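Visitor: fold the following and give me the result.
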Amino acid sequence: MTAKCLLVLLSASLLSLDALHAQSPAPLTPDDVVLTLELAPGEPPLRVTPAQMMSIFREPGFSVAVVEHDHIAWAKGFGVTAAGERTPVTPRTLFQAASISKPVTAAGALWLVQHGKLSLDEDVNRLFKSWRIPDDSFTTAQKVTLRRLLSHNAGLNVPGFDGYVYGEPLPNTEQTLDGVPPANNVPVRVTKVPGTVCDYSGGGYAIVGMLIKDASGQSFEDFMREHVLVPAGMTESTFQQDLPQAFAARAATGTDRTGKSLPGKWRLFPELAPDGLWTTPTDLVKFGLEIAHSARDSSKHVLSRSSVREMLTVQCRDDPDGGTGLGFALGYQKHPAIFFHNGSNAGFQSVLMMDPDAGWGYAAMGNSDNFQSVNRAVFHALSVLYGWGVESHSRDLGENLTIIRALRNTSTALAYYMRARSTGFAGLRHDAKTLNDFGYSLLGDKQFVDAIRVFRLNVAEYPKDANSYDSLGEAYMDAGERDLAISSYRRSLELDPKNENAVARLKQLRSGR
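Guide: From the prediction side, this is the model:
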């Protein structure tokens with residue numbers, strides 16, 4: 001980059017992203033990204049800083065690490081570790097990686113395959129020393145294998161786990177897999193013929209965790225630290241749910257969508273393999289670099305080149321541009337070399353993306369269920385500035401409406417919507433949920449008049465959508481407009497006779513309760 005300030009303007013009809021690159025050697029950071037919304041001809045655009053976006057979307061903390069030219073270029077934290085507190089997020093602040101635990105776990109399983117302790121294609125029931133997957137009609141012809149487990153192609157249920165509030169009894173792995181108390185999930189079972197469909201299963205990765213324990217003779221946490229985390233240089237990472245004091249002191253507090261901290265600061269995820277990793281964006285890109293370098297035979301601290309190439313080969317194709325490898329999703333916006341994964345636990349979200357051919361990577365983590373609204377804008381702008389070529393040239397219309405309402409008012413937001421509509425929503429993603437969600441944000445703030453205004457617009461836009469009328473009925477009901485609420489719920493039922501909520505609400509309204 002030159003020493004001059006670089007201004008990049010991405011024009012997408014009503015939206016552009018501006019970013020300024022400070023003079024060298026200061027690295028580009030999310031502080032340099034400004035979201036610019038064109039409100040009306042002749043009116044100054046609305047320029048929104050990351051700090052404002054974090055405030056609007058109730059995202060207390062955001063941490064990011066960037067890879068350029070096969071090396072970590074920079075890492076920085078923004079905001080605070082807990083809502084309403086002052087401790088700043090730094091690059092060493094720990095977050096729950098959630099489902100990004102899966103590719104890390106996959107590396108551990110492949111290490112055992114590489115060392116002859118597990119097999120990718122053998123019936124896993126032959127590999128267990130303790131627990132077994134119950135056989136049923138689905139496993140008669142096809143068996144559950146490690147390859148299928150790692151690629152979400154084993155026909156298993158339980159896509160994810162809810163976690164446990166600190167202080168609650170925690171299940172062991174067998175209790176989790178069988179769905180018996182204190183486990184709060186249904187049993188992990190084969191519900192489709194293995195090998196026939198890509199079906200995301202956190203339950204399948206819980207089985208992988210059990211396989212790793214059986215094959216290694218170690219606890220899952222110890223095995224992963226010894227054979228994956230430490231060799232990959234992930235010194236700020238652990239699968240331990242009872243965090244060591246040094247880690248606990250630097251751990252962020254999870255935050256729900258309303259901006260409230262989670263009870264006990266965070267939930268515990270004793271399943272570990274699918275969702276239990278605590279880490280930092282810097283450690284995530286270290287893991288990504290380890291995999292990328294090993295694919296070229298230039299690292300091999302964890303896996304051999306052949307193992308990594310197996311990992312980065314599509315095993316289950318669920319997308320025309322890619323599919324699922326062994327742990328990672330593969331292919332992104334027609335870039336087949338890119339491997340990536342997202343993560344979402346209660347109160348935490350994250351993303352890891354790496355292009356081993358182009359030598360760039362990106363990891364970001366946040367302590368909020370609203371993380372993606374901030375992350376999308378940051379990733380988009382960084383991709384343009386660095387020339388990664390993977391930015392999406394469209395924005396979520398609902399997010400823009402929320403920003404405009406927060407910094408201006410509802411009328412300005414709706415004027416923006418109508419102007420977007422006149423252009424065919426060029427550069428903006430939207431559907432029936434866009435105005436519906438916007439209306440509920442107003443309803444939650446008890447702004448009944450504005451909420452009704454938004455829901456009425458939505459039913460005009462989507463006159464065949466039963467849920468839009470259901471939402472309008474709720475707004476009228478909350479505002480005390482009984483007759484209008486009854487009319488809206490009736491219309492919802494006409495469009496969807498199975499709408500049980502409308503039936504219940506009509507009964508309540510007619511009884512006068």
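Visitor: Gly203 - nearest residue in space that isn't next to it in sequence?
Guide: Ranked by Cβ to Cβ, 6 or more residues apart in numbering and with sequence neighbours excluded, the top spatial neighbour of Gly203 is Val158, at 3.1 Å. In this view, the C-beta of every residue, glycine as well, is placed from N, C-alpha and C.
Visitor: gap between the one you found and Pro41?
Guide: The gap separating Val158 from Pro41 is 52 Å, by Cβ to Cβ, to the nearest Å.
Visitor: what about the two, which has more around it?
Guide: More neighbours surround Val158 than the other of Val158 and Pro41, with 24 against 6 (other Cβ atoms under 10 Å).
Visitor: just the pLDDT for the more buried one.
Guide: In the predicted model, Val158 carries a pLDDT score of 97.
Visitor: distance from the longest strand seen in the chain to the middle of the chain?
Guide: Taking DSSP state E as the criterion, the chain has its longest strand at strand 335-345. Distance of strand 335-345 from the chain centroid (Cα atoms, centre = their mean, to the nearest Å) equals 10 Å.
Visitor: ditto for stretch 139-149
Guide: Centroid separation for stretch 139-149 versus its chain: 28 Å, with Cα atoms, centre = their mean.
Visitor: cool, and stretch 363-374?
Guide: Centroid displacement of stretch 363-374 relative to its chain, using Cα atoms, centre = their mean, is 8 Å.
Visitor: if we can go back for a sec, over to the residue nearest to Gly203. Which of the three states is it?
Guide: coil (DSSP: H, G, I helix; E, B strand; the rest coil).
Visitor: next one: the closest residue to Phe348 other than its chain neighbours relative to Thr81, how far apart?
Guide: Leaving aside its chain neighbours, Phe348 sits nearest to Gln96 (4.0 Å; criterion: Cβ to Cβ, 6+ apart). To Thr81, Gln96 is 13 Å away according to Cβ to Cβ.
Visitor: quick one: which of these two has more around it?
Guide: Per other Cβ under 10 Å, whichever of Gln96 and Thr81 has more neighbours is Gln96, with 30 against 23.
Visitor: now do the contacts for the more buried one.
Guide: Gly254, Trp266, Phe269, Asp275, Leu277, Trp278, Gly343, Asn345, Gly347, Phe348, Ser350 (Cβ atoms under 8 Å, 6 or more residues apart in numbering).
Visitor: hang on, isn't the fifth one packed against Ala107?
Guide: Right, Leu277. No. Taking contacts as Cβ atoms under 8 Å, Leu277 lies outside contact range of Ala107: 11.5 Å.
Visitor: and the two? which has more neighbours close in?
Guide: A direct count of neighbours by other Cβ under 10 Å for Leu277 and Ala107 places Leu277 higher, at 33 against 27.
Visitor: follow-up on the earlier one: which residues does the residue nearest to Phe348 bridge with?
Guide: On the basis of DSSP bridges, Gln96 is bridged to Trp278.
Visitor: so where do the helices sit in the stretch 1-150 of the chain?
Guide: Under the criterion DSSP state H, counting those that start in this stretch, the stretch 1-150 of the chain contains helices at 50-56, 101-114, 146-150.
Visitor: just to revisit the earlier point, for the residue nearest to Gly203, phi and psi?
Guide: Geometry field for Val158 lists phi and psi as phi 60, psi 80, criterion degrees, to the nearest 10.
Visitor: against Phe287, how distant is the closest residue to Ser101 other than its chain neighbours?
Guide: Leaving aside its chain neighbours, Ser101 sits nearest to Leu277 (4.0 Å; criterion: Cβ to Cβ, 6+ apart). Using Cβ to Cβ, Leu277 is found at 10 Å from Phe287.
Visitor: which residue comes closest to Asp355 once chain neighbours are left out?
Guide: Ile338 (4.9 Å).
Visitor: so the one you found touches Leu352, yeah?
Guide: No. Contact between Ile338 and Leu352 fails when scored by Cβ under 8 Å: they sit 10.8 Å apart.
Visitor: what lies in contact with stretch 479-498?
Guide: Contact with stretch 479-498 is made by 448-449, 451-452, 459, 464-467, 469-470, 472-474, 476-477, 499, 502-503, 505-506, 509-510, as judged by Cβ under 8 Å, 6+ apart.
Visitor: narrow those to just the buried residues.
Guide: Burial by neighbour count, judged by 16 or more other Cβ atoms under 10 Å, picks out 448, 451-452, 459, 465-467, 469-470, 472-474, 476-477, 499, 502, 505-506, 509 from those.
Visitor: just to revisit the earlier point, residues contacting the residue nearest to Asp355?
Guide: Residues in contact with Ile338 (Cβ under 8 Å, 6+ apart) are Gly322, Leu330, Gly331, Tyr332, Met353, Met354, Asp355, Val390.
Visitor: do a quick rundown of the helices in the stretch 251-400 of the chain.
Guide: 281-295, 305-311, 371-386, 397-407.
Visitor: distance of Gly179 from Tyr200?
Guide: Gly179 sits 18 Å away from Tyr200, going by Cβ to Cβ.
Visitor: that should have said Val124, apologies.
Guide: On the measure of Cβ to Cβ, Val124 and Tyr200 end up 18 Å apart.
Visitor: before we move on, what about Asn375?
Guide: Note on Asn375: its distance to Tyr200, by Cβ to Cβ, is 20 Å.
Visitor: settle it for me: which of these two has more neighbours?
Guide: Using other Cβ under 10 Å, the more surrounded residue of Asn375 and Tyr200 is Asn375, with 22 against 17.
Visitor: list the residues that contact that one.
Guide: With Cβ under 8 Å, 6+ apart as the criterion, the residues that contact Asn375 are Phe62, Gln349, Val351, Ala364, Gly366.
Visitor: the residues you listed into TSV, with extra columns for neighbour count?
Guide: Output for those, formatted as TSV (neighbours: other Cβ atoms under 10 Å):
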residue	neighbour count
Phe62	26
Gln349	27
Val351	24
Ala364	25
Gly366	32
